[in-house]
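[1] after the sequence you'll find the predicted model.
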Amino acid sequence: MKTFEYGDNEIGSKEVTMSVASMVIGFGVLTLPRTIVSTTNSIDGFISIVIGGILILFFTWILGMLTTKFPKKNLHEFTSLIINKPVATILTMIFAFYSMLFVSYEMRGTADISKLYLFDDTPVEVIGFVFLLVVIYAVSGPSSVIIRINLMFLPIVLCILAVLILLNVNFFEVKNIKPFFVTDWLGILQASRETIFSFLGFETILFYNMFLNKPKDMVKSALVGISIPFLLYLLIFLFVIGVFGTEVTRNLLYPTAELARLVEIPGGFFERFESLFFTIWVMTLFTTAAMAYDVTLLALKSVFNKVNRMTLIFILSPIMYIIAMTPQNVLELSIFGEWISYIGIILSMVIPVLLLIIAKIRGVKVNG
Amino acid sequence: MLRHIFSKSRKSNKREKKNQDVKIPSLIYDDLTENLSNIKKILDSPSDLIVRVFTIGESGQSCAVVCIDGLVDKELVNEEIIKSIQISCTKNNQELPLSGKNILTELENKVLSVHELKKADTLDNVMLAILEGDTALFINGINQVLLVGSKGWAGRGVEEPMTESLIRGPREGFTENIRTNTMLIRRNVRDPNLRFESNKIGRRSKKDLIVCYIEGIVHPEILAEVNRRLKCIDVDDAPESGTIEEWIEDSFLSPFPQILHTERADKVSTSLFQGKVAILLDGTPFVLIAPTTLASLFQSPEDYYERWFIGSLIRILRYIAAFLAVFLPALYIAIVSFHQGMIPSRLAFSLAASREGLPFPAIVEALLMEATLELLREAGIRLPKTIGQTIGIVGGLVIGEAAVQAGIVSPVMVIVVALTAISSFAIPSYSAGIAFRILRFATMLAAGIFGLYGIILVYIMINIHIARLNSFGIPYSAPFAPAFYHDWKDLVIRAPLTAQHKRPQYVQTVDDTRSNKGDENS
Amino acid sequence: MAKLMKLTGFLCILISVTGCWDRVEIEERGFVIGAAIDTTEKSSDDSFGTRPNKARKEDYKLTYQYVVPANIQGSGSDGQSKGGSGGGNPYFNVSSEGKTIFQITRQLSTQVGRSPYLQHVKIIVLSEALSKQGYLYDALDFFVRDHEMRRVAKVMVTNGEAIDALQVDPKNEPMPIMFLESITQNTVKTAKMLPPTNLGDVHENLLMGTSFVIPRLVVNNKKAAISGAAVFDSQDQKLVGTLNDKETIGLNFILGDIQGGVLEFLMNDQYFAVEVKQAKNKIVTNALDKNQMKFTIEINSEGNIGESYGNLNLLEPKELAEIEKKAEQEIELLVNQVIEKLQKEYKVDVIRLGEQLKQDHYRIWESVKNDWDKGENYFSKSVIDLKVNFKLREIGSSIETVQ
C-alpha cells in the first residue's frame, strides 16, 4: 500500500519519523550543553544524555504501544474508550492547554534568540508577532501541510548541523574531554532531568495517530524518530565540550550558537556563520511551534466538534501571544520552560503509562 | 488562509445564468427554400455565406450546398461535392428515386466521393457544422441534411515552438488547428490505448476541447477529476488554454502554475506516458498538462536528450538559478542593511566605499532597479524581435551604468540585479519564472524590514504555500514531500535512463513499468 | 465576519511595516577594526558619589581605529585614488576616557558621526601598564559579553602605550591594524611569535583559572614587531613578566604550537640553521609525591635544513645524525631556559602542566588545584624532565655550496 493514495490526507511511517524528530529538535539543543554541564563535569554529561535518551525511548515505546492499540483514533477517542468520556475531555483539554503553552514558549524563545543574534533594536514583540503570523498561516490548512513541511525542512536543518560540526573539527581538542567519570551520580541524574526536558515533544504522536496509514508502524517510526535527536544531542554535546571545555561551556548562554560563532569558513568567504546557522535554526523552531499549535487545534477540535478551525485559530492566537510576551527576561523564560516541561513529563509519560495499564487491565479492544 | 477570506466573498457574488441562446428552430423542413431562408435569417445573410443551389443530375431535384467562404476547402466543395453530384448523376443516367431517403443513400454510397460524411436531423447541428467549416447539403423534399467534412482554412504550418526552443530535440510545435495537434500527438504515441475525448467549450464560441490520455496508464480518479472540472466551465468563450487553466486549477490565488502548458509535442507525449492528462484547445498552440508538481517546473526535455551527467548538472544549475532569482536581491539587502558582519572585512569595506554618498537605502535602491528591469523586460516583449534583443541588453547596461555614474545606485546593485535577471531566464517554464519574480519582490520587502529573519520567514511561507497546494489531488510538493524516493532519481539529478524503469510514483499510474531493465548478458 | 477577518488581516500586515528598526545601511556603519586600551590617571570627574574602595581607581582610555572605506581604494604608497573622494587616510583613531569600556564606546558617538560597529574588530591591544595592574579581565569583559564581537578577535599586549600600536606606519596595508594582523599570520615562518591568541582563548583561560600567555607587541617609533610573550598569572591575572624571543621559541616547543621556526646552532664551529616544521609533545605525569611531582615532556620535532655553512656533505648519514643531535641540544637548551624562568622566576604555569595533571590524575588535581601556581606553588616544586627527538626530513635542493 502506498503512503499516499490519491487525494487523501494520510501520512506514512516516514512522515511520522520526521515529524517526531522535527518536533523534538527545537529550542533545547541550543542550551542543552550548558544545562548538563552545570551539574556534571566534562564528558560525563554523555552518560546523562544516554540515560535520558533511553528513558525517553522507553516512554516513546509505551506511547507507541498505546496508539497501535487504537488505530486511527486520537487521544480523546481512545481515552473515552479506556476510561470514560468526561475524563477524556478533561485530559484532552489539559493537553490542549499544555500545547498552547508550548507554542508560546517556542515563540518567545525564538524571538529572544533572534533579538540576541540577528537584531539589535527591533522589539521582541514584533519579532514574535510575525513569527506567530507565519505559524498561523501554516496551521490554517489541513494537518498534512505541516507534516509535509517537516519533511522538507528537516533535511536542511540536519545539513546545517552537520556543516557546523564538520567545520568545527579543527577546534576539537581531545584534552577538553578528559578526564572521564569524575562526576558523582547525583550530578549525572540531575543532568538527565535536563535532557528529558529537551526531549519533550514526542507526545504529538498521540494525535497524529489518526492520520497514520499503517498503524502497526507507529512504534518503529516513533522510535526511529526519537533516535535522530538522541544522536544529535550526543554529537553536539561531544563537540561543544571538545571545543570549549567544561568551564567555558558553563558560562555561555547558548553554547551551540557559540559553536557557530567559531566557525571560519576556509577562504574567508563568509564570516558570521552564526547568523546563517541561526537563520536556518528558525526553521526547526518554526516546525516545532507549528506542530504544537496543530496539536492544540486537533485536541480542541476533538472535544468541540462543530467549531471551525479558523475560528479556533483566531481565538487562540491572541491568547498565545499574550502568554508569550509575559516573561520579562531570560530568567523568567527559563522558569516558564521548566513548568511546561514538568507538565509535559506528566502528560507524555505518566498518563500514557496509566492509560496503557488501564487499557490492558480492562482488555479494551477496538473492533475492526 | 487568504483563500478563506476571499472565498466567502466569491460565493456571495454568484451571478445567475441567463439563457441567452438565440432560438434556432430545430426542424429541418422538407422544403429547400424554407430551410435556406431559415439559415439566412439566423445568420442574417453574412457576405461570406455561400448558398449554391443546383440540381441533381437529370432528375430535376434541386439541392443546395451551404458553406462559409474561407472556412471550407474550395476545391473539395467544387470537385467532390458539386461536380460529383452534377456529373455523376448525369453519367449514370439513372432514374433517381424521387422519395426521400433513397436519394440520400444513393448520394452517400455512390456519388459523393468524400471521406467524411454525416447526417444531421436538427438545424442546430447543421448550423454548428457550417460554422465549423463543414458543408451542408440540403436536398429538396428531404428533412435530413448531409454534412460533408470540408474544413480547410489558412493556418500556420508546423513550426519550431517559439517559446521553448531547444538545442537538441524535435522542432515540431503545436499550431492553432486542433486537428494538427492531435496528429502530432498521434505521431508520437501510436498506442491503440490513446484516447481523445472531445468536448465543446464556450457557449458562444463552441470551440473544440480534447482531453487526451492513455488508458491503462493514467489513474482513473485523476481523469475523472479533470473531466468533472471541465464540465463546470460555463463561459462565453475560451480564447486561450489559459482561460481553461484558470477555471480548472486548484488555487487561483497562488503565484505558482498548477497546470503546465507547452507548445512542444514531445513534452506532451512524454507526459502522457507518465500518466498525465493533456488538454488541447482549438485555436491555441498551448496544450495543458495536468497534474503538475513543483519539480516539473524545473524539467526540460533537453535534460533527457543529452547525456545524463550533463542533464543532472544543468538541472542542479537550474535549482541554484531559481534560488538566486528569488533570494539574491533580498540577501544583498539583508547583508548590506542589517548584517554587515557577515561578509569578510575587505568586502565590507569595498561595499561601504562604493555606497558612499548614495541617497537611498539599499531596499529602495533594489526596488528601483528591479522595477526598472521589469519594465525593460515587458517593453522588450512588445518590440519586434531584432530591436527587442538589443533594447534588453543595451538598455540594461546603459541604464545601469548611467545610474551608477549619477550616483543613484551602487555598482554592486547593478551586478546583483543583472545576475538575478539572468538566473530567472534559466528556468525553463515561463510561468514559473513569473512566479519567482513575484516572490522576489515579496522577499525583498521582507528583507528590507527584518533582514535575514524576514528572508527566512518568507522562505517558510513559500514552503507552506507549496505544501498546501494541490494539483488535481496530487500534492504540489511531491516528490519532495510526501517523499517518493523512487521519483528522486529524476528530481534534482537526472539518473541514467537505464535506472529509470518505472513511471513516476506521485501520479499513481496503473501501469508501473516503462522500460525493461534489459538482460545482463546482452 | 468576512470583513472582520479581512480587516484583521490588513492590520496584521500593516503593523509589520511600521518601522524597520534595525536597518542601518552599510555606509552608515562606523567600522572599527582595532581597539587599544590604556589606563590613565584618574579623571577629575567623579560621578559616583563616594570614592570607590575596591573598584579600580584608574580610568580607561579607549582608542578605536575606524575605517574610512572610501579612502581605501588607491591609498597606500602613492596616495592617488580614482573615482570619487580624493586621497585621504583610510583610517583614523579616536580616543576617549571613562570608567567603563561600555560607557566609553557609547561616548565615542559624541565624537564620531557613525556609531561604532564592532563586528569587524580584529585586534585588541592592551598596554603593559594595564596588564601589570591586573585589569585584563575587566577591560575585556565588555568585548566578551557584547554579541557583536567575534570571539576570534586577537588580543595583544604592547610595551608602552597601547595607542602607539594603532599609529604604526602601515607599510603595505591600508591601515595599521590590518598591518599588524598580517604580521600575526606569519607564525608559519617563525616561532618567535606565539600563535595568535583569540579573545575566546583568553576567556577560556580566565574561566579555567590557569595562567596564560599573550603575544607581545613591541612598538618603537612607529615601527612594530611582534616578539615574545607576556605572561599572566592565574591569581590576579596580572602581568608578571615577559618572555623574550628565544624563550618564546622554547615555549612554543613545549606547547607544540610550532608551525615553522628556525634553530640556529654551531656545527663544526660554523653557523647552521635548521627549519623546524612541527613539534608534537607528550607529557607523562608522575604525581606520587605531591611536593615533587615529576613531569616528563617528550618533544618530537622534525624539520629541514635551512642554511648550511658550505662544504658540509649533507648526504653523509654521520653528518645528518650530528645535525639532529645538535638540533636536539639546541631545543633542550631553549626549553630548559624557559622552564627555568617560568618555574623559578615567575612561578606560573603557562606550559599547561596543570591541565595535563587534571586529565591524568583528576583527584590529585582537585586537591592541589588551588595551590598549583600560587600559594604553595606545587608547580615550581615539580621536576620537569625533557626528552627531545628531532628528525631531519629534507636537505634542500643543493648539497654543498662550496667545495
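    All right, it came through fine. Source: prediction; values computed, not measured. Numbers count the residues shown, from 1 in each chain, chains lettered A, B, ... in the order given.
[2] wait, does whichever strand or helix holds B:Ala379 make contact with chain A?
    Element membership of B:Ala379, judged by DSSP states H and E, is helix B:362-382. No: using CB under 8 Å from any CB of the partner chain, we find that helix B:362-382 stays clear of chain A, coming within 15.2 Å at best. To be clear about C-beta, it is placed using only N, CA and C from the backbone, and glycine gets the same treatment.
[3] how distant is that helix from the center of its chain?
    27 Å (CA atoms, centre = their mean, to the nearest Å).
[4] list the buried residues in it.
    For helix B:362-382, the neighbour count (16 or more other CB atoms under 10 Å in any protein chain shown) marks B:362-363, B:365-370, B:372-373, B:376-377, B:380 as buried.
[5] okay, now the unreliable bits of chain C?
    Counting by pLDDT under 70, chain C contains low-confidence ranges at C:1-21, C:42-56, C:73-88, C:188, C:310, C:375.
[6] need the longest strand for it.
    strand C:270-286 (DSSP state E).
[7] just checking: what are the partner strands of that strand?
    strand C:261-267 (antiparallel), strand C:294-307 (antiparallel) (DSSP bridges).
[8] dump the ones you listed into TSV; add distance to B:Ala499 as well.
    Formatted as TSV, the strands paired with strand C:270-286 follow (distance: least, CB to CB, whole Å):
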stretch	distance to B:Ala499
strand C:261-267	55
strand C:294-307	50
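[9] any chance of those in CSV, plus mean neighbour count and distance to A:Arg108?
    Shown next, in CSV, are those (neighbours: other CB atoms under 10 Å in any protein chain shown; distance: least, CB to CB, whole Å):
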stretch, mean neighbour count, distance to A:Arg108
strand C:261-267, 18, 53
strand C:294-307, 18, 51
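[10] among the ones you listed, which is nearest B:Asn177?
    strand C:294-307 (81.3 Å; CB to CB).
[11] for stretch B:497-505, measure first residue to last.
    End-to-end span of stretch B:497-505 (CA to CA, to the nearest Å): 16 Å.
[12] which bits of the stretch 151-300 of chain B sit near chain A?
    B:219, B:221-222.
[13] ok, C:Pro215 to A:Asn170 distance?
    Distance from C:Pro215 to A:Asn170, counting by CB to CB, to the nearest Å: 20 Å.
[14] more neighbours: the two, which one.
    C:Pro215 (23 against 12; other CB atoms under 10 Å in any protein chain shown).
[15] just give the number of residues close to the residue nearest to that one when sequence neighbours are not counted.
    Using CB to CB, 6 or more residues apart in numbering or on different chains and skipping residues adjacent in sequence, the residue nearest C:Pro215 is C:Leu194, 4.4 Å away. C:Leu194 has 24 neighbours, counted by other CB under 10 Å.
[16] could you do B:Leu71 as well?
    18.
[17] angles on the backbone of C:Gly34, please.
    phi -160, psi 150 (degrees, to the nearest 10).
[18] and the one 3 residues further on, by the same measure?
    Main-chain torsions, C:Ile37, degrees, to the nearest 10: phi -120, psi 120.
[19] against B:Glu159, how distant is it?
    Taken as CB to CB, the span from C:Ile37 to B:Glu159 is 76 Å.
[20] of those two, who's got more company?
    Each of C:Ile37 and B:Glu159 has its neighbours counted (other CB under 10 Å); C:Ile37 has more, 25 against 13.
[21] CA atoms only: put the host helix or strand of B:Arg187 into PDB for me.
    Per DSSP H and E: B:Arg187 is located in helix B:178-188. What follows is helix B:178-188, C-alpha atoms only, in PDB (Å, rounded to 0.1, in the frame of the first residue of the first chain):
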ATOM      1  CA  ILE B 178      -6.600  21.100 -33.100                       C
ATOM      2  CA  ARG B 179      -6.500  18.500 -35.800                       C
ATOM      3  CA  THR B 180      -2.800  19.200 -36.500                       C
ATOM      4  CA  ASN B 181      -2.200  19.000 -32.800                       C
ATOM      5  CA  THR B 182      -3.800  15.600 -32.500                       C
ATOM      6  CA  MET B 183      -1.900  14.500 -35.500                       C
ATOM      7  CA  LEU B 184       1.400  15.500 -33.800                       C
ATOM      8  CA  ILE B 185       0.400  13.600 -30.700                       C
ATOM      9  CA  ARG B 186      -0.600  10.500 -32.600                       C
ATOM     10  CA  ARG B 187       2.800  10.500 -34.400                       C
ATOM     11  CA  ASN B 188       4.500  10.200 -31.000                       C
END
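[22] for beta bridges, what are the partners of the nearest residue to B:Pro161 once chain neighbours are set aside?
    In this structure, B:Pro161 finds its nearest non-sequential neighbour in B:Gly173, 3.1 Å apart by CB to CB, 6+ apart. Counting by DSSP bridges, B:Gly173 forms beta bridges with B:Arg264.
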